[in-house]
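Participant: here is the input, now give the coordinates:
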Amino acid sequence: MNRVEDYLADHLSTPDRATALALTDSTDARWSYGDLDAAAQALGAALTEKGVAPGDRVMIVSENCAAAVAALFATWRIGAIALPVNARQSRSELQRIMEHADPRAVLLTTDVSPDAVKHAQWLHAHSMPGPWGRIWAAFAMASDPYPDPEIAVLLYTTGTTGDPKGVMLTHENVRFGGLTSANLRGMTPRDMIYGVLPTTHVFGLCSVVVAAIYAGAPVRLVPRFEVGAVYDGLRDGVTLFSAVPQMHALLMAHARAHGLTELGSATLRYVSSGAAPLDPTWKREAEAFYGVALQNGYGMTETTAGTSATRNEIGDPDISVGPPLPGIEVAIDVNAPGGGDNMGEVMTRGPHIMRGYFRNPIETEKVLDAQGWMHTGDLGRVDEKGHLHILGRSKELIIHGGFNVYPPEVEAALNDHPGVVQAAVIGRQVKGDEEVLAFVQVPADSDLTEEALKTFVQDKLAGYKRPARIILATTLPAAPTGKVLKHKLLDTFARDLS
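Facilitator: Numbering: from 1, shown residues only. Below is the predicted model:
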């Protein structure tokens, strides 16, 4: 069985590759591939000495840094399963994951994360310095080794419900995700990858870190998305930048606030966005801002990040998420709830599909069928070019007045307003119907009003699609990736809606 750490081993065969730059981070670490290998070997030996065995889960509570990458490869080297968790999650969220996953060890990257320091305190962790830098660790935990040696990563995702599920990705899943992403982006050792997407999430883990190591491209790891620092960082020799739509929106808003219209990078050659339908106007603005084409793609944790992606030239009006990636199949189930008229639930199969949900065969059977298809729960259609268009989550479909309302369409109309940073749309049950609610993030000094936005979208949306309420706020509840957590909107803004 080929394993993820084999990608790292490939760089150690010649001195030139072993000494090439692999990672930099906010602690001023500058690691070659040889440095990363040495740190992973030493940390793996330390874990083994503490009783970590193959099949055990090693929970890595971190923010982006070289030590977190060393922890991943150390875990894989000893046959254990990596369980990356973002340190910005709350104590109760971490406890829920720990109770379900039973990790044998918890490693915390305290050098780059004040939240990791807090978690280290209640876990009674101790400092474990070494060539990986400084990591704190706790080992006094029971564990039942998982019997499948092919599992590489356990990633907990809340999806749209808020209920965490552990996605089991195999070594082949992660390897495939990395090489496919590297090939899609044309990564080479001459690139510099900006790594602000959390490595605790599948996008940052597979499409950035594993892809870069496969290709031999160095990664500049950034622990948090801080818009001013990211804006400046992208102008400093970066060639590839992958992000979620919210990050792009905040960067453009930052530029506007400083009287700027473009990034002005002399080296940036590739920019991509996560799975979200692109409004043509917003796409043109983003491409003018970056000076390169904005590529769009679709994926989820259960599909090892990537399922489809665009390969467009700048100015291409294509607003799809592109054709399926090589080796991947996509189909549309028009008979699924919300389907019909050449649209339906997106299904996919191939080497990117997860093994299943950890200790949850019932939920696994709901999404993986006997033919190997993953039922994504997303609604979409395929156009005449074979490009996939995502219309939204089937569970987020709003039925208002007997008509289907797809939240991304309403969000795109709101995002067209120059004073909007980002928008999130959900449905709320009312007597005999479901109403459309919009939550809009605006700059702190904004004078935009609900009525002004309602007027703005009046000509863009049919009457049944228009929001009954538009709540304006300077922040929306979001995951560490920047993705808006829609299941928290009603509780967060309950007072505004009353």
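
Participant: quick one: neighbours of residue 17, just the number.
Facilitator: Residue 17 has 16 neighbours, counted by other CB atoms under 10 Å. From N, CA and C alone the C-beta is placed, and that goes for glycine too.

Participant: now it: closest residue in space, sequence neighbours ignored.
Facilitator: Leaving aside its sequence neighbours, residue 17 sits nearest to residue 11 (CB to CB, 6 or more residues apart in numbering; 4.5 Å).

Participant: can you give me the neighbour number for residue 224?
Facilitator: By the measure other CB under 10 Å, the count of residues near residue 224 is 16.

Participant: what does residue 171 give?
Facilitator: Counted with other CB under 10 Å, residue 171 comes out at 19.

Participant: that one reaches residue 75, doesn't it?
Facilitator: No. Using CB atoms under 8 Å, residue 171 is not in contact with residue 75; the gap is 11.8 Å.

Participant: what kind of secondary structure is the residue nearest to residue 17 in?
Facilitator: helix (DSSP: H, G, I helix; E, B strand; the rest coil).

Participant: that one and residue 29, how far apart?
Facilitator: For residue 11, the distance to residue 29 equals 17 Å [CB to CB, to the nearest Å].

Participant: neighbour count: those two, which is higher?
Facilitator: The neighbour comparison of residue 11 against residue 29 (other CB under 10 Å) goes to residue 11, with 22 against 19.

Participant: contacts only, for that one.
Facilitator: For residue 11, the contacting residues are 17-18, 20, 22, 33-34, 37, 213, 216, by CB atoms under 8 Å, 6 or more residues apart in numbering.

Participant: got TSV for those residues, with secondary structure, pLDDT and distance to residue 426 too?
Facilitator: Shown next, in TSV, are those (DSSP: H, G, I helix; E, B strand; the rest coil; pLDDT from 0 to 100; distance: CB to CB, whole Å):
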residue	secondary structure	pLDDT	distance to residue 426
17	helix	93	49
18	helix	96	51
20	coil	97	47
22	strand	98	42
33	helix	98	45
34	helix	97	49
37	helix	97	47
213	helix	98	38
216	coil	97	43
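
Participant: can I get the buried part of those as one ChimeraX selection?
Facilitator: Here is the ChimeraX command that selects the buried residues among these (16 or more other CB atoms under 10 Å):
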select :17,18,20,22,33,34,37,213,216
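
Participant: closest one of the contacts of residue 11 to residue 410?
Facilitator: For those, the minimum distance to residue 410 (CB to CB) is 39.8 Å, reached by residue 213.

Participant: any residues in contact with both of residue 171 and residue 75?
Facilitator: Both residue 171 and residue 75 lack any common contact, where contact means CB under 8 Å, 6+ apart.

Participant: how close does residue 340 sit to residue 397?
Facilitator: 12 Å.

Participant: ok, those two, which is more surrounded?
Facilitator: residue 397 (17 against 11).

Participant: gap between the spatially closest residue to that one that is not a sequence neighbour and residue 396?
Facilitator: For residue 397, ignoring the flanking residues on the chain, the nearest one in space by CB to CB, 6+ apart is residue 338 at 4.6 Å. Here residue 338 is placed at a distance of 10 Å from residue 396 (CB to CB).

Participant: again with residue 373
Facilitator: Residue 373 sits 21 Å away from residue 396, going by CB to CB.

Participant: quick one, which of these two is more surrounded?
Facilitator: Neighbours around residue 373 and residue 396, counted as other CB under 10 Å, are more numerous at residue 396. The numbers are 21 against 18.

Participant: and that one, what is it in contact with?
Facilitator: So residue 396 contacts 160, 407, 426-427, 486 (CB under 8 Å, 6+ apart).

Participant: now, those residues that are in strands?
Facilitator: 426-427 (DSSP state E).

Participant: how far does stretch 97-112 stretch from start to finish?
Facilitator: One end of stretch 97-112 to the other measures 22 Å (CA to CA, to the nearest Å).

Participant: in that stretch, what counts as buried?
Facilitator: Neighbour counts over stretch 97-112 (16+ other CB under 10 Å) mark 97-98, 100-112 as buried.

Participant: show me where the stretch 151-300 of the chain has its strands.
Facilitator: 151-157, 165-170, 193-195, 219-221, 240-242, 270-273, 294-298 (DSSP state E, counting those that start in this stretch).

Participant: tell me which residues are up against the least confident helix or strand in the chain by mean pLDDT.
Facilitator: Least confident helix or strand, the chain: strand 403-405 with a mean of 78, by mean pLDDT, DSSP states H and E. Outside strand 403-405, the residues that touch it by CB under 8 Å, 6+ apart are 338, 397-399, 427, 436, 462, 464-465.

Participant: repeat the analysis, applying 7 Å as the threshold.
Facilitator: With contact meaning CB atoms under 7 Å, 6 or more residues apart in numbering, strand 403-405 is reached by 338, 397-398, 436, 464-465.

Participant: stretch 289-299 now?
Facilitator: 252, 255, 262-263, 265, 268-275, 278, 283, 286-287, 305-314, 316, 321-322, 388, 390.

Participant: go on, stretch 128-144?
Facilitator: Here stretch 128-144 makes contact (CB under 7 Å, 6+ apart) with 27, 29, 38-39, 42-43, 46, 50-51, 56-57, 66-67, 70-71, 102-111, 120, 123-127.

Participant: give the buried residues for stretch 214-233.
Facilitator: Neighbour counts over stretch 214-233 (16+ other CB under 10 Å) mark 214-225, 230-231, 233 as buried.

Participant: what is the end-to-end distance of that stretch?
Facilitator: Start-to-end span of stretch 214-233 (CA to CA) is 23 Å.

Participant: ditto for stretch 150-167
Facilitator: Start-to-end span of stretch 150-167 (CA to CA) is 13 Å.

Participant: quick one: average pLDDT of that stretch?
Facilitator: Mean pLDDT, stretch 150-167: 81.

Participant: start the count at 688, not 1, going forward
Facilitator: That works, and once the first residue is 688, the last one we named lands at stretch 837-854.

Participant: quick one on the thing from earlier: nearest to residue 863 among the strands of the stretch 838-987 of the chain would be which one?
Facilitator: Here strand 852-857 is closest among the strands of the stretch 838-987 of the chain (CB to CB), at 9.2 Å.
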